[in-house]
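J.: Predicted model, plus sequence, below.
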Amino acid sequence: MGFQIKIKSEIGKLRAVLLKRPGKEIENITPATMHDLLFDDIPYLSEAQKEHDRFAEILRQNGTKVLYLDNLITEVLKNRNVKSNFISQMITNSGFTDGTTAIFLKEYFSNLRPNDLVEKLMTGLRKEEVGGKLKNLRGFPEIDTDPFVMAPMPNLYFTRDLASVIGQGASVSNMTFKVRKRETIFLEYILAKHPLFSEHAIPYWHRRDDKTQLEGGDILVLNNHVLAVGISQRTSVEAIEALADVLFKNKSGYDTIIALKIPKSHAMMHLDTVFTMVNYDQFTVYPDIMREYRKMDIWTLRSSTKGIKYRKYTDLQEVLKDVLGLSEIDLIYTGNGDAVAAPREQWNDGSNTLTIAPGEVVTYDRNYVSNELLRQHGIKVHEMPSSELSRGRGGPRCMSMPLQREELSQEN
Ligand SMILES: NC(=[NH2+])NCCC[C@H](N)C(=O)O
């Protein structure tokens, strides 16, 4: 029943994807915490779930196998030893390295069935749920203003950021912000222990405890040997160097990285919020990332016998042509580059397309200017509802982690 993870492009027909349906963790966002939790508003959960279910349905209708993160981790945790190690890791990573709270939490979580354990960890653990039983200072409600002993993980529905499949290997992220750091533990256990994946040994290009900071939203697998990686709020230049080193020295198939510097801001936290690939020679791009016509800071890192070779570019179109060996590149601007529509639609992830086959994408319906433009450029657009999910600052690409795509017959 095992299958091999394999991603050799951004656009090959999407065969299998990992999603997380938003759950009760969303209801544990408050005005006081939303900023730290990386939200700009509090989504209405039941609508967000309906929107997400429609997303999954569009994917299934188009031949994609949809796997859910919570189901997979629940299956993994049926093994008692694995469950015990997993609980310890979650507790340590929640800041309880030792002492009576850690001991209490270990026992508390060990007594939960795998599905309840998963739900509780994702939703967060309230003081009042354990207060009476937690017989130390932490158990007193007055000890601080935080209602949680363990914080919720509302960003889990952005599965993209937790890991990326590159070729036939995986890069598990080291998340920038504390509130997202524990999310990757789920991924690490799923990839290492779930029977679906454990049949084929997975090479790792990056791991969650690697020192360098890297998130999946910054990685685009352009073809079978070229990656684009954002130098961003979430991915450091050191991480890109380390990734290049591992990919180039191992049999990854990857010999070229395009590193693109993007603004370090919340609206553009990852490369995929401003740049995605939708066809062999077509890309969406948010024009404001360019200083002037097509200009930005871009470097290529190429594998050579003397180590990594660097080249600086300033023209996005030129670097894409060079590296992909194409004579023309079609850049499709978010909001048609309009002074108002472009930033408005970028804010709601108008550039964050999930490509499900060459020239075929899933987008948010609210970005109607960008969607219309994509259609004018010959792209087939499947629109999904987006009032609530968009409040988390992520679109269809952020909400999906591709596990397997069909290889392209005509590799560029
Ligand atoms: N791949 C992406 N663009 N993901 C969007 C993540 C949004 C999330 N609220 C965060 O700030 O982390």
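T.: Structure received. All of these numbers come straight from a predicted model, not from anything done at the bench. Residues are numbered from 1 along each chain as shown.
J.: domain assignment for this protein?
T.: As given by automatic domain parsing, the domain ranges for the chain are 14-67+154-182+211-405, 95-150.
J.: Tell me which of the ones you listed is the most buried.
T.: domain 14-67+154-182+211-405 (a mean of 20; mean count of other CB atoms under 10 Å). Bear in mind the C-beta positions are built from the backbone N, C-alpha and C, glycine included.
J.: quick one, which of the domains of the chain is nearest to the ligand?
T.: Closest to the ligand of those, according to CB to the nearest ligand atom: domain 14-67+154-182+211-405, at 2.5 Å.
J.: residues contacting residue 50?
T.: Residues in contact with residue 50 (CB atoms under 8 Å, 6 or more residues apart in numbering) are residue 385.
J.: right, and the secondary structure at it would be what?
T.: Look at residue 50: counting by DSSP: H, G, I helix; E, B strand; the rest coil, its state is helix.
J.: that older thread, could you dump the domains of the chain to a markdown table with distance to residue 89 and mean pLDDT?
T.: Shown next, in a markdown table, are those (distance: least, CB to CB, whole Å; pLDDT from 0 to 100):
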| stretch | distance to residue 89 | mean pLDDT |
| --- | --- | --- |
| domain 14-67+154-182+211-405 | 9 | 96 |
| domain 95-150 | 11 | 92 |
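J.: would CSV of the ones you listed with distance to residue 188 be doable?
T.: Formatted as CSV, the domains of the chain follow (distance: least, CB to CB, whole Å):
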stretch, distance to residue 188
domain 14-67+154-182+211-405, 6
domain 95-150, 14
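J.: Which of those domains sits closest to residue 81?
T.: domain 95-150 (11.8 Å; CB to CB).
J.: quick revisit: which one of the domains of the chain lies closest to residue 76?
T.: That would be, of the domains of the chain and by CB to CB, domain 95-150, which comes in at 8.1 Å.
J.: Just the terminal-to-terminal distance for that closest one.
T.: Terminal residues of domain 95-150 lie 9 Å apart, using CA to CA, to the nearest Å.
J.: so who does the residue of the chain most remote from its centre touch?
T.: Ranking residues of the chain by C-alpha distance from their mean position (CA atoms, centre = their mean) puts residue 135 at the top, at 38.5 Å. Counting by CB under 8 Å, 6+ apart, residue 135 touches 100, 104.
J.: Now do the phi/psi pair for it.
T.: phi -90, psi 60 (degrees, to the nearest 10).
J.: Starting from residue 111, give me the distance back to it.
T.: Using CB to CB, to the nearest Å, one obtains 17 Å as the distance from residue 135 to residue 111.
J.: mind saving the C-alpha coords of the host helix or strand of residue 103 as CSV?
T.: According to DSSP states H and E, residue 103 maps onto helix 99-110. Provided in CSV are the C-alpha atoms of helix 99-110 (Å, rounded to 0.1, in the frame of the first residue of the first chain):
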residue,chain,number,x,y,z
GLY,A,99,9.7,19.4,36.4
THR,A,100,6.3,18.7,37.7
THR,A,101,4.3,20.2,34.9
ALA,A,102,6.2,18.1,32.3
ILE,A,103,5.6,15.0,34.4
PHE,A,104,1.9,15.8,34.7
LEU,A,105,1.5,16.5,31.0
LYS,A,106,3.2,13.3,30.1
GLU,A,107,0.8,11.3,32.1
TYR,A,108,-2.2,13.3,31.0
PHE,A,109,-1.5,12.9,27.3
SER,A,110,-0.5,9.2,27.7
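J.: now the angle between helix 99-110 and the helix or strand just after it, please.
T.: For helix 99-110, the following helix or strand on the C-terminal side (DSSP H and E) is helix 114-123. On the basis of axes from the mean of the first three to the mean of the last three CA atoms, to 10 degrees, helix 114-123 is oriented at 130 degrees to helix 99-110.
J.: same for helix 114-123, what does it pack against?
T.: Packing contacts for helix 114-123, counted by 3 or more CB pairs under 8 Å, 6 or more residues apart in numbering; DSSP states H and E, involve helix 69-76, helix 80-93, helix 99-110.
J.: at 10 Å what do you get?
T.: Packing contacts for helix 114-123, counted by 3 or more CB pairs under 10 Å, 6 or more residues apart in numbering; DSSP states H and E, involve helix 69-76, helix 80-93, helix 99-110, strand 148-150, helix 183-193.
J.: and these as TSV, adding distance to residue 53?
T.: Below are these laid out as TSV (distance: least, CB to CB, whole Å):
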stretch	distance to residue 53
helix 69-76	14
helix 80-93	28
helix 99-110	29
strand 148-150	28
helix 183-193	21
